[in-house]
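Novice: A predicted structure for the sequence below; I have some questions about it.
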Amino acid sequence: MRALVLTAIIIIFAFVIKVDLTEGSLQLAAFSQKKTENALCEKEREPNYITVQTIQGDSIHSLFALHPAKVPMTFPERLQLFYELNPHLQLQAPVPGEKIKLPLSFEIENKCGK
């Protein structure tokens with residue numbers, strides 16, 4: 001009988017540890033991060049964009065080539081902005097006739113100026 005009770009206690013203890021490690025015992029606790037000046041500036045950045053209507057055969061590369069950025073930007077930076085402006089295109093290609101937003105540059109708020 002002791003072995004059965006001890007086994008049940010061990011199983012319950014293991015289950016509690018598993019739940020605590022996977023879901024956490026403080027899942028509802030709010031942990032605030034210190035906001036630095038750079039982090040605030042990153043959130044205030046808004047891309048300057050134009051809206052274009054796609055045609056048959058358009059790709060992201062061809063649209064970027066037709067409408068170059070106003071400021072020097074790497075392709076990954078511009079692509080990230082493109083997907084922020086057009087989140088529905090992350091898993092599909094542009095459809096002919098669809099209006100999409102092409103990022104041209106960043107507009108930075110005056111609060112970020114140093």
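Specialist: Thanks, I have the structure now.

Novice: least trustworthy helix or strand in this structure by mean pLDDT?
Specialist: Within the chain, no helix or strand scores below helix 37-44, which has a mean of 56 by mean pLDDT, DSSP states H and E.

Novice: beyond it, next helix or strand please.
Specialist: strand 46-53 (DSSP states H and E).

Novice: which strands and helices sit next to the following helix or strand past that next one?
Specialist: The helix or strand immediately downstream of strand 46-53 is helix 60-66, counting by DSSP H and E. Where contact means 3 or more CB pairs under 8 Å, 6 or more residues apart in numbering; DSSP states H and E, helix 60-66 is packed against helix 75-85, strand 99-107. For every residue, glycine as well, the C-beta is placed using N, CA and C.

Novice: is residue 91 in a helix, a strand, or coil?
Specialist: Three-state call for residue 91 (DSSP: H, G, I helix; E, B strand; the rest coil): coil.

Novice: residue 21 versus that one, what's the distance?
Specialist: Distance from residue 91 to residue 21, counting by CB to CB, to the nearest Å: 32 Å.

Novice: ok so, going back, now render the helices and strands packed on helix 60-66 as CSV, adding mean neighbour count.
Specialist: Below are these laid out as CSV (neighbours: other CB atoms under 10 Å):
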stretch, mean neighbour count
helix 75-85, 15
strand 99-107, 17
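
Novice: grab the nearest non-local neighbour of residue 55.
Specialist: residue 96 (5.5 Å; CB to CB, 6 or more residues apart in numbering).

Novice: measure that neighbour to residue 90 for me?
Specialist: In terms of CB to CB, residue 96 sits 19 Å off from residue 90.

Novice: over to residue 102?
Specialist: Distance from residue 102 to residue 90, by CB to CB: 15 Å.

Novice: next: residue 5.
Specialist: Separation of residue 5 from residue 90 (CB to CB) stands at 54 Å.
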